[in-house]
Structures are given as C-alpha cells and as structure tokens.
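Participant: build me a structure from this.
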Amino acid sequence: MSDRGRAPPSGINRAMPLVIVWILILSFVWRIAVTAHEYQMRTEQVMTMLIDLGLMVGLIGMRDRVPTPLFWCAIIAGIGSFALRLNGDDGWWTGHLDFSVRSR
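Facilitator: I've put the predicted structure just below:
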C-alpha cells in the first residue's frame, strides 16, 4: 500500500500520544508524592485501574509516534501505578504509596 492517498496527521493526532504519556507519568508521580486520606469506592478503584490499563494499551498501539525514552518512562509509570496497589491493603484501595487518616 502506498501513502499517496493519506493526509498528513493533524495537530490533535500528533499531540494525543504525548498527552497519554504525560497523563501516565504525572498520575504516577501524584500517587507517590501525595498521601491519600480516604479509600476509593470499589467502582472508582476498578475504573481507575481500567483507565490506566487502557492508556497503556493505547500507548503501546501508538509507540512509533512517541520518542523512545518517553515511551519507556510512561510504560514504567503505568506498571508502577499497578505496583503501588500491591503495597498492602491501603495501597490496594487508594492506589497511593502512603495513607493516613486526618485527625479532627
């Protein structure tokens, strides 16, 4: 097949992979840096995991449109987001590294 009939990618098509990369990386940094103060509801917990998984699958599908170092940083951040959930019961429910209850 030839590329003669294809139009060049628009600005949104060029920006989407980078938006996905930065969402994965910054959400991982957020989950490490910020202490959670309440558990997520079960539906929110599952939805957050599915969104992270969907972003990673979408990024893998667009890997040729992302610079290689950013691609691997985002993949590691996505895997790290799932690894944070294995950090005990608090990590499973919050997705954050730390959890504490605010005093009243």
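
Participant: C-alpha only now, for contacts and for neighbours.
Facilitator: Fine.

Participant: host element of the most centrally placed residue in the chain?
Facilitator: For the chain, the residue sitting closest to the mean C-alpha position, by Cα atoms, centre = their mean, is residue 24 at 2.9 Å. Assigned by DSSP states H and E, residue 24 falls within helix 11-33.

Participant: what residues sit buried inside that helix?
Facilitator: Residues of helix 11-33 classed as buried by neighbour count (16 or more other Cα atoms under 10 Å): 17-18, 20-25, 28, 31-32.

Participant: contact partners of the next helix or strand after it?
Facilitator: Per DSSP H and E, the first helix or strand lying C-terminal to helix 11-33 is helix 42-61. If you take Cα atoms under 8 Å, 6 or more residues apart in numbering as the criterion, helix 42-61 is touched by 17, 20-21, 24, 71, 74-75, 78, 81-82, 93-95.

Participant: which one of these is nearest residue 101?
Facilitator: Distance to residue 101, by Cα to Cα, is smallest for residue 94 among these, at 12.3 Å.

Participant: got the contact list for the closest one?
Facilitator: Contacts for residue 94 (Cα under 8 Å, 6+ apart) come out as 36, 38-40, 45, 85.

Participant: residue 101 contacts residue 35, correct?
Facilitator: No - Residue 101 is beyond contact range of residue 35, at 9.6 Å (criterion: Cα atoms under 8 Å).

Participant: and the helix holding residue 24, how far from the chain's centre?
Facilitator: 7 Å (Cα atoms, centre = their mean, to the nearest Å).

Participant: let's see that helix as PDB, backbone CA atoms only.
Facilitator: Only the C-alpha atoms of helix 11-33 are listed here, as PDB (Å, rounded to 0.1, in the frame of the first residue of the first chain):
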ATOM      1  CA  GLY A  11      -2.200  18.600  15.300                       C
ATOM      2  CA  ILE A  12      -4.500  16.500  17.500                       C
ATOM      3  CA  ASN A  13      -3.200  13.200  16.100                       C
ATOM      4  CA  ARG A  14       0.400  14.300  16.800                       C
ATOM      5  CA  ALA A  15      -0.400  15.500  20.300                       C
ATOM      6  CA  MET A  16      -2.500  12.600  21.500                       C
ATOM      7  CA  PRO A  17       0.400  10.200  22.200                       C
ATOM      8  CA  LEU A  18       2.200  12.800  24.200                       C
ATOM      9  CA  VAL A  19      -0.900  13.600  26.200                       C
ATOM     10  CA  ILE A  20      -1.200   9.900  27.100                       C
ATOM     11  CA  VAL A  21       2.400   9.800  28.100                       C
ATOM     12  CA  TRP A  22       2.200  12.700  30.400                       C
ATOM     13  CA  ILE A  23      -1.100  11.500  32.000                       C
ATOM     14  CA  LEU A  24       0.600   8.200  32.900                       C
ATOM     15  CA  ILE A  25       3.800   9.800  34.200                       C
ATOM     16  CA  LEU A  26       2.200  12.600  36.100                       C
ATOM     17  CA  SER A  27      -0.500  10.400  37.700                       C
ATOM     18  CA  PHE A  28       2.200   8.000  38.900                       C
ATOM     19  CA  VAL A  29       4.200  10.900  40.400                       C
ATOM     20  CA  TRP A  30       1.000  12.200  42.000                       C
ATOM     21  CA  ARG A  31       0.300   8.800  43.600                       C
ATOM     22  CA  ILE A  32       3.800   8.700  45.000                       C
ATOM     23  CA  ALA A  33       4.000  12.300  46.200                       C
END
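
Participant: much appreciated, bye for now.
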